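[1] Here you go, sequence then predicted model.
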Amino acid sequence: MPSRVSDDFMAHPVNLHQKHLDLSSVKELPDSHAWVSPEELCSSGASRDTESIPVIDLNGPNATKLAGQACKTWGAFQVTNHGIPESLLDKMEAAGRKLFSLPIQQKLKAARSSDGVSGYGVARISSFFPKLMWSEGFTIVGSPLEHARQLWPKDYNNFCDTIEEYEREMKALAGRLMWVMLGSLGITKEDVNWSGPRGEFNGACAALQFNSYPACPDPDRAMGLAAHTDSTLLTILHQNKASGLQVHREGTGWVTVPPLPGALVVNVGDLLHILSNGLYPSVLHRAMVNRTQHRLSMAYLLGPPSCVQISPLSRLVDHGHPALYRPITWSEYLDTKAKNFNKALSSVRLCAPLNGFADANDHGSVTVG
Ligand SMILES: C=C1C[C@]23C[C@H]1CC[C@H]2[C@@]12CCC[C@@](C)(C(=O)O1)[C@H]2[C@@H]3C(=O)O
Ligand SMILES: O=C(O)CCC(=O)C(=O)O
Ligand SMILES: [Fe+2]
């Protein structure tokens, strides 16, 4: 997946030394990481957080209906009773903590290459912003073995075993969630031929992303992970007990998603937005940082099999509801995202909305700071 440094980034070159700062040892927010100036800070109002995304019991009798409502109105929900053992979530969190606490020189041995997807580094979307984010990430696509070996030459097996177990469990949960979410639209296994004979999404591609947000000396002026939508069908996110995830809703603004012990956050991604012909809008979200706690999150990013062209499901398309998006594969979409970032979804759109307003997901006007 080639990514091209954006013109915007070129206009704001970043000092390469600062690109790999050891954030946990920085005592004062450097200008390279200051998203908000002291003057702006005085005038910016705090968000109220009077409501948040629904919490859905996956084994509850209304799970399908509630998930459908949540996807339509928020593009996200939290799920409980999902069947992922808490001990596995704890093990993954510990694995992430161990990884990010390595010395920076060690982490850089597993650095993501400029044209690669896997490895250690800043968020891929960094190139679209003039300032750096207060975070570091580690992406796994396929086997983690090579990078784990570079990080822990003598002791990489534990990490790989934990990742493998987590991916297995997440794959099963992601398939189950897909059917809960699609089921609410009346979609059945026959409507999605690439889901396989038993609808297990066996050929699906996925990525795993660890995010680390060290405690920050000036959190109100920093940004953990800038506002974005995920280029996925769906994303299953686990956050540790430090809050920071916010989702955006039209008319409401930014809303915090509080960490609930044992719960997982489910986000609608751009490809499910396309598949549902816009009925489930992908959710704009971001991560904030805080002064005292180290925040960790891990995302399981589910995509379709690489050869599959994703387009609006034919059951959702008729005379009154024309297909709004052209067919596109996941890797083609990731390329488009790497070039166009938050304009990627509208660049795949076939016809402009009748009311003349922007696509529900075309968040070009939302301020990210
Ligand atoms: C499969 C994916 C999805 C990616 C790219 C690639 C691997 C890493 C994913 C993320 C994870 C962090 C946010 C994001 C915006 C980023 O910078 O890297 C995601 C991006 C996307 O959803 O577009
Ligand atoms: O850290 C978080 O809560 C958000 C992470 C995220 O959005 C991502 O990895 O795509
Ligand atoms: Fe995300």
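    All right, it came through fine. Ligands and ions are numbered 1, 2, ... in the order given.
[2] interface residues of the stretch 151-300 of the chain facing ligand 2?
    Gln209, Asn211, Leu225, Asp230, Leu237, Gln239, Gly244, Leu245, His285, Ala287, Ser297, Ala299 (C-beta under 6 Å from any ligand atom). To be clear about C-beta, it is placed using only N, CA and C from the backbone, and glycine gets the same treatment.
[3] Poorly predicted segments of the stretch 251-369 of the chain, please.
    352-369 (pLDDT under 70).
[4] Could you check how far the residue of the stretch 1-150 of the chain found nearest ligand 1 is from Ile274?
    Closest approach of the stretch 1-150 of the chain to ligand 1 (C-beta to the nearest ligand atom) occurs at Arg124, with a separation of 3.4 Å. For Arg124, the distance to Ile274 equals 20 Å [C-beta to C-beta, to the nearest Å].
[5] which one of the two has more residues nearby?
    Set Arg124 next to Ile274 and count neighbours by other C-beta atoms under 10 Å: Ile274 wins out with 27 against 20.
[6] On the three-state scheme, the more buried one is what?
    helix (DSSP: H, G, I helix; E, B strand; the rest coil).
[7] Report the spatially nearest residue to it, omitting neighbours in sequence.
    Spatially, and ignoring its direct neighbours in sequence, Ile274 is nearest to Tyr325 (4.4 Å; C-beta to C-beta, 6 or more residues apart in numbering).
[8] Would you mind listing what in the stretch 151-300 of the chain touches ligand 1?
    So the stretch 151-300 of the chain meets ligand 1 at Ala207, Gln209, His228, Asp230, Ser231, Thr232, Ala299 (C-beta under 6 Å from any ligand atom).
[9] now, which of these sits nearest Phe159?
    Gln209 (15.1 Å; C-beta to C-beta).
[10] Which positions in whichever strand or helix holds that closest one come out as buried?
    Here Gln209 sits within strand 205-213, counting by DSSP states H and E. Under the neighbour-count criterion of 16 or more other C-beta atoms under 10 Å, strand 205-213 has Cys205, Ala206, Ala207, Leu208, Gln209, Phe210, Asn211, Ser212, Tyr213 buried.
[11] packing partners for it?
    Using 3 or more C-beta pairs under 8 Å, 6 or more residues apart in numbering; DSSP states H and E, the elements in contact with strand 205-213 are helix 86-100, strand 136-140, helix 157-183, strand 295-303.
[12] now those in JSON lines, with distance to Arg149 and mean neighbour count?
    Listed next are these as JSON lines, based on distance: least, C-beta to C-beta, whole Å; neighbours: other C-beta atoms under 10 Å:
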{"stretch": "helix 86-100", "distance to Arg149": "13", "mean neighbour count": "16"}
{"stretch": "strand 136-140", "distance to Arg149": "13", "mean neighbour count": "23"}
{"stretch": "helix 157-183", "distance to Arg149": "9", "mean neighbour count": "18"}
{"stretch": "strand 295-303", "distance to Arg149": "21", "mean neighbour count": "24"}
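[13] could those be laid out in JSON lines, adding distance to Tyr280?
    Shown next, in JSON lines, are the helices and strands packed on strand 205-213 (distance: least, C-beta to C-beta, whole Å):
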{"stretch": "helix 86-100", "distance to Tyr280": "26"}
{"stretch": "strand 136-140", "distance to Tyr280": "25"}
{"stretch": "helix 157-183", "distance to Tyr280": "7"}
{"stretch": "strand 295-303", "distance to Tyr280": "14"}
